[in-house]
Every structure is written in structure tokens, then in C-alpha cells.
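[1] Sequence and predicted structure are below.
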Amino acid sequence: MGVPAVAMVTSAFDELATSTAFKKGMPGLRVSFTPHPITGRTTEESNEYLKGNDPVSGKPMLTEIVAGLQAKLAEQDKQAGEIKREERPRFLAEDTADNLQQMFQDNMWTDGLPVILPTEEKVKAMLKGTSHKADEIVGEMRPSGPHEAWKYTVEMVATNAVMAGAKPEYLPVILAIASTGQTSLVSSTSSFARMAVINGPIRDEIQMNSSIGALGPFNQANAAIGRAWTLVSKNLGGSGTPGSTYLGSTGNPLNYGNMTFPEAEENLPEGWNPLHVQKGFKKEENVVSILSGWSFNTIAWFSPLPQQDVIKNWLTHFFSFGTGSATIIVDPIVAVELKNNGFATKEQFAAYLMEKSANPGWLYWSTHEEEYKKAKEGVEPFASYLKLGETAEVPVSRYVRRQPPPGAPAAPAGMPPRNPIEVIAVGGGTNTYWSGGDFSYVSGASIDKWK
Amino acid sequence: MKFVIRWLVGAFVIASVVWAGMVAAADGKIKVLNPRGIMPAIKQIPMAERPDTLDGKTIYIVDTKFANTKPFVNALRDNLAAAYPKTNWVGVDKVGGYMQDDPNLWAEIKAKGHGAIVLLGH
């Protein structure tokens, strides 16, 4: 900006604010902290905060802000040039296995559980899973938009794959996930979750499970690939340090395995294309698709209503931070039932859900401020919607295709359109159950490229 | 002669590596790869010189518009104006959400202001 500046942040983000100032090149940035939170505070409460002390420095808040704007700078604040960062040698100092395990835990290089220690021999064996050179750069990853991105090589991904308990034949899948640059541990207070769906013949080649218990802890490939994504995100993507590069208030249990599973392509009814084909890849290609969301429900329910209407009604009343997007995961026998009920393709079924699902009144008005004003002014149809009451259904779907805001950058060429509702099939057919959540498609990557 | 010396040096190096490995194994120590990625370089940005006084100066209070924080932002402006009446405290909203850049506002502050307080949520 070129003028003296002071940042004000709530005290919950002390570590984040100071580490970000350092990474952005201004380690001496003047930051004043307020009590946390300030959202929802009244004017009276705010006045009390401002008359008090900065909860981090203990100094009176207003005088600290003014001092930040006018007090003389220290010599180091005026300096330019490169800031020295920690060395990261290829090998760690030799130690016993127990000590190294403890070191990995202490440095938060794990998911909280013991890892397979990445000895040179194990990493070398892992690298046999790809034809790519060990020192090739795979991509870069960051915890979220404002954070710095770290780069990583094939060998670094292989190292984390070893740690996760992966076999060499899983490596192309893990490299493909890493190549997307998508962290599984998004730094947001809202506790994101991520999903990785694998399509193509490689599902069987590496013996992934798309049948009974596919989303549970019953298969090494599903589990190790999902775990590797967590370790890659932490160790190669700079994510996952609570308070600094991870801010999810409650955290999300889905981050453990990152919902990594293969679609049950062979059991899809005729006309229902696998996810990767829907996104423009060929059926014989091996592809990983990344989806992003927060919440997930497992629905075991019998109803005299047809399945499509049970799912539609669930969508109407499902409420989460990610309202507006949904991914329905159906057991293949549910997919067959839906096909028999008249939905020739996944797209037809998704279109039905988009058209027929509605909104609870309270949720509609929470997300439609302009329409609420119009309703109060008697403008139809909003005035009639308001008369229905907050518990009635407003006949407007949340799951609509939204136009990008004016001035937003155009989607990259070849990028498939973002669907408000995705449909994926997985499961062993033990019952006509299904699951759903607020996940939406982010990107897809070729696995074959990394073989 | 040169060949013999080379051979001896090579043999010594190999023996050293084997010996080091045996010692490490005897110690129960192992060597593992560093699992961490490559951090970018950081270029330090010199901070702007501070004025001797804020009297007669214009300081922008930039609201990044995190949800439900307007009462606090307004209270900050009012409290500063009451405590430091010789300074012109100007409240402004940054465009877009709190993640969106606003180069036009930064240019305005540089042209018309002498400093800024930038407020983040939550």
C-alpha cells in the first residue's frame, strides 16, 4: 500500500496473522488483536472491547493501534531482500525407529497415527510404481487461497505414500491426486472435507473396493490412498497445522480417509455413465475426481414413496454450510431402481432433483435478502412465499446452475460445467440405501499420465 | 600406479559406506527421507516510514466486511475519533468479500491518506 498500516485481527488468529505476515514478507507488520469473536457484537460490547487491552500484547488497544501507525520503525522493519527459511535436506538425521516415529508425531508430519518410516529402500521400491523421474516436480499446493504454495517432486510424493502404507501400484493414483494441487485439509474455520473418486480399470488392477463397505475401513488401497492425500496435504502442501494453516473450528472426521473410493462402474445401469465419462474423459481412462464439501448423511430408510422423491425431500430439508451443492451416492441397486423409475441417465435424475426439490421457508429467507425485501413490499411471488410461514416449503430449488459473477475469470477451456448435483454409485447391494452430502466437483486428473 | 591409487580410494570409500551402515545398524539407527515439500523464497517488503504525529493526518479504516462485524468497525472509528480528534478517521468498505483484493482502494489510500487500519473477521 505504501503507507503505514495496522492490521486488526481477533485473538483466535494470533498465530495465523503473525505467520502470514512473515510469509508475505513483512514479519514486523503491526497487528492489534481484539477479543474473539467480534462478529455479532453490539455497539456497547464493541465499545467495551475497544476500551480494554489487546488480549495478546496486554497493551491498551487504541494506543497500541496509534503507536503502530506512528511509532518509529526498527531497522529490521526497513530491510529488503530474501528472508532465510529453514533448511530441508533430503534425508533426516539418522536415529532409532522409535525416536523417528516420535519426531514425525512431534512435528505433526502424520495424521496422528504411527506411519511407515520412509527409508531409502522403501521409497525406492515405491518409485517403481511410476515411470516418472524422482526429481520431477509434480505440482504445488496451498492450504487455501491466501496461503503460500509449496512445490513437491515425485520422490516427495512417494515418501508420503510409503508413510501412508501404500503399495507401489497405488502411486500413480496418489501422484494424480497430488498433481491437482488440491489440499485435503482446506484452511477454513468451516471444517471442509474432500472426496476422491477413482474411475477406470485401475480400480480392479490395484484391488480397490467399490462393493460392501466401500466407504469404510475395509480395503488397503482405498484407505492408503486416502491417507496419503492427508499426508501429502500436510507435508507437501503446507496444510494442517492447527491455528496457523488449519482453522477448522471442530475439524471434520471425513479428513481421515478423505472419502476415497472407486465408483462401482460395472454395476451402473445401462445409460448411466461413470463420473469421469460425465466429465469428458474416455471410459477406459483412469481418472481421479476431486470433490469438495463439508457434510455427509447416510440414509437407511424405507418409504412408500419412490426413491427419487425420498431423495428429493431429503435434499429439500438437508441443511449445511454448503447449501446449494449436493452429491448423491447411491448403492448400484438404487441406481437400477431409479433407472426403472424412468431416469435413463444420471443427468436426468439430477435434473429432476434440481427441478423438484424446494427450500424450507426459514432457509430460503436466510439466503434471499433481496427477495425478502420484495416480499415485505408485497411483490409476488415472494409475498405469497412469506405467507407460507418459516416451516413450510418454498417452491424454489437451492440446486440451480449459477452464472459466474460479473468480472469473474472464465473457466479454463475444457473444464466441465459445474453441476449443482452429482450422482455417484458405490456399494455392495445389501440394501436399497444411499448417502448424500454437500459436495461439489472441483477437478479431475489423469492417473494414466503418472503410470 | 594411478589405477592402483584410484582402486584403493574406491575401495576405501565403499568400505567406509559399508562400515557406516554397519555402525548405524549396530546402533539401531536408520536413515529416512524428509517428507516435507519445497517452500518458496520470501522477499522482505520494507515497511512504510511512520510520521511523527497523526495530528492533521487522514487514516483510513478499511472494513473487509466479515459477516456481522459492522458495529465493531463503526465503534472503532467513533472511539478513535473521540480519543484522537485531530486525526481525520475515514471509514471505507473494501469491494467484494474478505478474500478479494481491492487495488483501487489501495491506490486511493496511497493518494489521499497517511495510513490505514485494515480489519479482518471473525
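    Noted; the coordinates are in hand.
[2] so where's chain B uncertain?
    Scanning chain B for pLDDT under 70 picks out the ranges B:1-26.
[3] Could you tell me the phi and psi values at the residue nearest the centre of it?
    Against the mean C-alpha coordinate of chain B, by Cα atoms, centre = their mean, the closest residue is residue B:42 at 8.1 Å. Note on residue B:42: its backbone torsions stand at phi -120, psi 120 [degrees, to the nearest 10].
[4] pretty sure it is touching residue A:80, no?
    No - the pair residue B:42 and residue A:80 does not pass the contact test of Cβ atoms under 8 Å, sitting 11.4 Å apart. All C-beta spots, glycine's among them, are computed from the backbone N, C-alpha and C.
[5] quick revisit: would you enumerate the residues in contact with the residue nearest to the centre of chain B?
    Residue B:42 sits next to A:22, A:23, A:24, A:25, A:82, A:83, A:85 when contact means Cβ atoms under 8 Å, 6 or more residues apart in numbering or on different chains.
[6] Quick check, the fifth one in contact with residue A:25.
    No - Residue A:82 is beyond contact range of residue A:25, at 9.4 Å (criterion: Cβ under 8 Å).
[7] Quickly list what's touching both of those two.
    With contacts taken as Cβ under 8 Å, 6+ apart, residue A:82 and residue A:25 have B:42, B:43, B:44 as neighbours in common.
[8] Mind checking what secondary structure the second one has?
    What that stands for is residue B:43. State at residue B:43, reduced to three classes by DSSP: H, G, I helix; E, B strand; the rest coil: strand.
[9] Kindly report the domain assignment for chain B.
    Taking automatic domain parsing as the reference, chain B has its domains at B:1-31, B:58-119.
[10] So what does residue A:329 have for phi and psi?
    Main-chain torsions, residue A:329, degrees, to the nearest 10: phi -110, psi 110.
[11] all strands of chain B, in order?
    Assigned by DSSP state E, the strands in chain B fall at B:29-30, B:42-44, B:58-63, B:88-93, B:115-119.
[12] name the helices or strands packed onto the fourth one?
    Secondary-structure packing of strand B:88-93 (3 or more Cβ pairs under 8 Å, 6 or more residues apart in numbering or on different chains; DSSP states H and E): strand B:58-63, helix B:70-83.
[13] how about the ones you listed in JSON lines, adding distance to chain A and mean neighbour count?
    Putting the helices and strands packed on strand B:88-93 into JSON lines (distance: least, Cβ to the nearest Cβ, whole Å; neighbours: other Cβ atoms under 10 Å in any protein chain shown) gives the following:
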{"stretch": "strand B:58-63", "distance to chain A": "6", "mean neighbour count": "22"}
{"stretch": "helix B:70-83", "distance to chain A": "4", "mean neighbour count": "18"}
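[14] I'd like the ones you listed as TSV, with distance to residue A:194 appended.
    As requested, these are arranged in TSV below (distance: least, Cβ to Cβ, whole Å):
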stretch	distance to residue A:194
strand B:58-63	32
helix B:70-83	33
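[15] so is residue A:9 in a helix, a strand, or just coil?
    Here residue A:9 is recorded as strand under three-state DSSP.
[16] any idea how far it is from chain B?
    5 Å (Cβ to the nearest Cβ, to the nearest Å).
[17] Also residue A:27?
    Between residue A:27 and chain B the distance, using Cβ to the nearest Cβ, works out to 7 Å.
[18] How about residue A:14?
    Counting by Cβ to the nearest Cβ, the gap between residue A:14 and chain B amounts to 12 Å.
[19] wait, what's in contact with that residue?
    Counting by Cβ under 8 Å, 6+ apart, residue A:14 touches A:33, A:56, A:243.
[20] Please pick the buried ones from those residues.
    For those, a neighbour count by 16 or more other Cβ atoms under 10 Å in any protein chain shown gives the buried set as A:33, A:56.
[21] Out of the contacts of residue A:14, which is nearest to chain B?
    Set against chain B, the nearest of these by Cβ to the nearest Cβ is residue A:33 (10.6 Å).
[22] now stretch A:205-222, how far from the centre of its chain.
    Taking the mean of its C-alpha atoms, stretch A:205-222 sits 21 Å from the chain's own mean (Cα atoms, centre = their mean, to the nearest Å).
[23] Counting neighbours, which bits of that stretch end up buried?
    Residues of stretch A:205-222 classed as buried under the neighbour-count rule (16+ other Cβ under 10 Å) are A:206, A:208, A:209, A:210, A:211, A:214, A:215, A:219, A:220, A:221, A:222.
[24] quick one: contacts for residue 80?
    I went with chain A, as the question did not name one. Residues touching residue A:80, when contacts are defined by Cβ under 8 Å, 6+ apart, comprise B:43, B:44, B:45, B:46.
[25] you looked at the wrong chain, it should be chain B
    Neighbour list for residue B:80: A:62, A:65, A:66, B:59, B:61, B:87, B:89 [criterion: Cβ under 8 Å, 6+ apart].
[26] number of nearby residues for the last one?
    Using other Cβ atoms under 10 Å in any protein chain shown, residue B:89 has 20 neighbouring residues.
[27] So it versus chain A, what's the distance?
    The spacing between residue B:89 and chain A, counted by Cβ to the nearest Cβ, is 11 Å.
[28] Return the set of buried residues in the helix or strand of chain A with the lowest mean pLDDT.
    Counting by mean pLDDT, DSSP states H and E, chain A has its least confident helix or strand at helix A:14-23, which shows a mean of 86. By neighbour count, and taking 16+ other Cβ under 10 Å as the criterion, the buried residues in helix A:14-23 are A:14, A:16, A:17, A:18, A:19, A:20, A:21, A:22, A:23.
[29] Repeat that for stretch A:340-360.
    Counting neighbours by 16+ other Cβ under 10 Å, the buried set in stretch A:340-360 is A:343, A:345-354, A:356-360.
[30] Under the pLDDT cut-off, which ranges of the stretch 301-450 of chain A? List them.
    For the stretch 301-450 of chain A, the stretches with pLDDT under 70 are A:403-418.
[31] ok so, going back, are any of the contacts of residue A:80 buried, and if so which?
    Applying 16+ other Cβ under 10 Å to the contacts of residue A:80 flags residue B:44 as buried.
[32] The contacts of residue A:80: which ones sit near chain A?
    With respect to chain A, and counting by Cβ under 8 Å from any Cβ of the partner chain, the subset of the contacts of residue A:80 in contact is B:43, B:44, B:45, B:46.
[33] So for stretch A:41-50, mean pLDDT?
    For stretch A:41-50, mean pLDDT is 90.
[34] Kindly report the same for stretch A:168-185.
    The predicted model gives stretch A:168-185 an average pLDDT of 98.
[35] now the end-to-end length of it.
    Start-to-end span of stretch A:168-185 (Cα to Cα, to the nearest Å) is 24 Å.
[36] Tell me if it is near chain B.
    No - applying Cβ under 8 Å from any Cβ, one finds that stretch A:168-185 is not in contact with chain B, the shortest distance being 9.9 Å.
[37] list the buried ones in that stretch?
    Buried residues in stretch A:168-185, counted by 16+ other Cβ under 10 Å: A:168-185.
[38] re the thing from before, looking at the buried residues of helix A:14-23, which is nearest residue A:189?
    For residue A:189, the closest of the buried residues of helix A:14-23 turns out to be residue A:16, at 10.3 Å, with distances computed as Cβ to Cβ.
[39] about what we covered before: would you reformat the contacts of residue B:80 as CSV and include distance to residue A:337?
    Putting the contacts of residue B:80 into CSV (distance: Cβ to Cβ, whole Å) gives the following:
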residue, distance to residue A:337
A:62, 65
A:65, 63
A:66, 68
B:59, 65
B:61, 59
B:87, 70
B:89, 65
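[40] Is the biggest helix by length in chain A positioned near chain B?
    What stands out as the longest helix in chain A, according to DSSP state H, is helix A:220-235. Yes - using Cβ under 8 Å from any Cβ as the criterion, contacts between helix A:220-235 and chain B involve A:231, A:235.
[41] how far does that helix sit from the chain's center?
    The chain centre lies 14 Å from the centre of helix A:220-235; the measure is Cα atoms, centre = their mean.
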